[in-house]
Structures are given as C-alpha cells and as structure tokens.
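Asker: pasting a predicted model and its sequence here:
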Amino acid sequence: MDFPISEFMDEDSCYQKIVAVLHPDGLACPRCQCRDGFRVHRRTRDPVLDYRCSCGRVFNAFTETVFHKTHRRPSEILLILRGIAQGTTTARLARELNRHRQHLLRLRHRLQEQALKAADPLPLDDTEVEADEMYQNAGEKRHPAHRSRRPPTPPRQPTTGARHLRQ
C-alpha cells in the first residue's frame, strides 16, 4: 500500500540531516570556502536559510549540489534519498510523494551520476585482477545434470524403428 508519509516528518530535523549529509565538514561558502563569518540573509523557506558570507556571496545548504535551486521540502528530499538507497522504483516514489515521475527520474539520474563520480575507481587493493576473482560463481551449477534412467545402447548395434513404437 502506498501512502504519503512526508506529512509526518519534522522539517527541522530533516534539514539538519541533509546538511550533515551534503556538508560533512560543516557548511562553507562556495566562493571563499570560509566556514564562519557568514550571517543569515533570508528566511523565506523555513528551515532552509540563505546566508551571506563576508565575501558577499549569498548561498544556502543546497548551493552547488544536485539540489541547487530546488523547491522541495527537506523531508521530501530525505524521503527521495531514502527511497533511492532502498531501491524503491521511481514510479512508487512518485506515487508516495505525489510528484511527477519524470522529474524524479531526472533527479535520480543526477544523483546516480554524482555517486558514480564519487565512487572509488579501484575498489580492490590490486591494480591487476585475475579472472577467477572477477567471476566468483563461475563453474558452479545449481542442479546436477539430468541423467537418463535407460541403459545406453551398445555401440554399433542398429536400433529398430522409432522408440515410441517399440514394445
């Protein structure tokens, strides 16, 4: 059963979680990388705050991320991230959040592209990999091969007619 659970989440705690995920070292100015010296510039979308840095740049937690210029609530963003991490289909996410599937699909593709860029290109310690390390289940069979219960026909002995007609 699908139902919109975004109504039951606290926006402030969702925003804090998103900031912690997007900026693990703390919020910083995208221009000068300063971590302090900025003040609140605008409070139009509570709890998302726009800050002004001492260098003059106005930014928020979503600036220069996949969610730049988004109009989604923090709870909705967190639900989208949760759904993608759990492998929920885009169609189901769209139904639960009451959003257009194509918009969510484009966002999902951007998130997956960013995750691929951030992924470790060499997950193994070695630069060389043997073939048997790559195919872990190669050669394994699920079931033993089917063997006929009939005895094999002796070699060079002609068979007489079709088997289904023999008595």
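Answerer: Sure, I can see it.
Asker: next SSE downstream of the lengthiest strand in the chain?
Answerer: Secondary structure assigned by DSSP state E gives strand 39-45 as the longest strand of the chain. Per DSSP states H and E, the first helix or strand lying C-terminal to strand 39-45 is strand 48-52.
Asker: which residues are contacting that following strand?
Answerer: Strand 48-52 is contacted from outside by 15, 27, 29, 38-44, 58-62, 74, using Cβ atoms under 8 Å, 6 or more residues apart in numbering. Every C-beta, even on glycine, is put in place using the N, C-alpha and C of the backbone.
Asker: can I get the CA coordinates of that strand in PDB?
Answerer: Extracted in PDB, the C-alpha atoms of strand 48-52 (Å, rounded to 0.1, in the frame of the first residue of the first chain):
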ATOM      1  CA  VAL A  48      16.200  26.500   4.800                       C
ATOM      2  CA  LEU A  49      18.200  29.600   5.400                       C
ATOM      3  CA  ASP A  50      20.100  31.700   2.900                       C
ATOM      4  CA  TYR A  51      23.400  33.000   4.200                       C
ATOM      5  CA  ARG A  52      25.600  35.900   3.200                       C
END
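Asker: strands paired with whichever helix or strand comes after it, and their directions?
Answerer: Reading on from strand 48-52 to the C-terminus, the next helix or strand found by DSSP H and E is strand 58-59. Its sheet considered, strand 58-59 pairs with strand 48-52 (antiparallel) by DSSP bridges.
Asker: now the helices for this protein?
Answerer: Applying DSSP state H to the chain gives helices spanning 11-22, 74-86, 90-97, 101-118, 131-134.
Asker: could you dump those helices to JSON lines with mean neighbour count and distance to Asp50?
Answerer: Compiled in JSON lines, the helices of the chain are given as follows (neighbours: other Cβ atoms under 10 Å; distance: least, Cβ to Cβ, whole Å):
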{"stretch": "helix 11-22", "mean neighbour count": "16", "distance to Asp50": "13"}
{"stretch": "helix 74-86", "mean neighbour count": "18", "distance to Asp50": "14"}
{"stretch": "helix 90-97", "mean neighbour count": "17", "distance to Asp50": "25"}
{"stretch": "helix 101-118", "mean neighbour count": "13", "distance to Asp50": "22"}
{"stretch": "helix 131-134", "mean neighbour count": "9", "distance to Asp50": "49"}
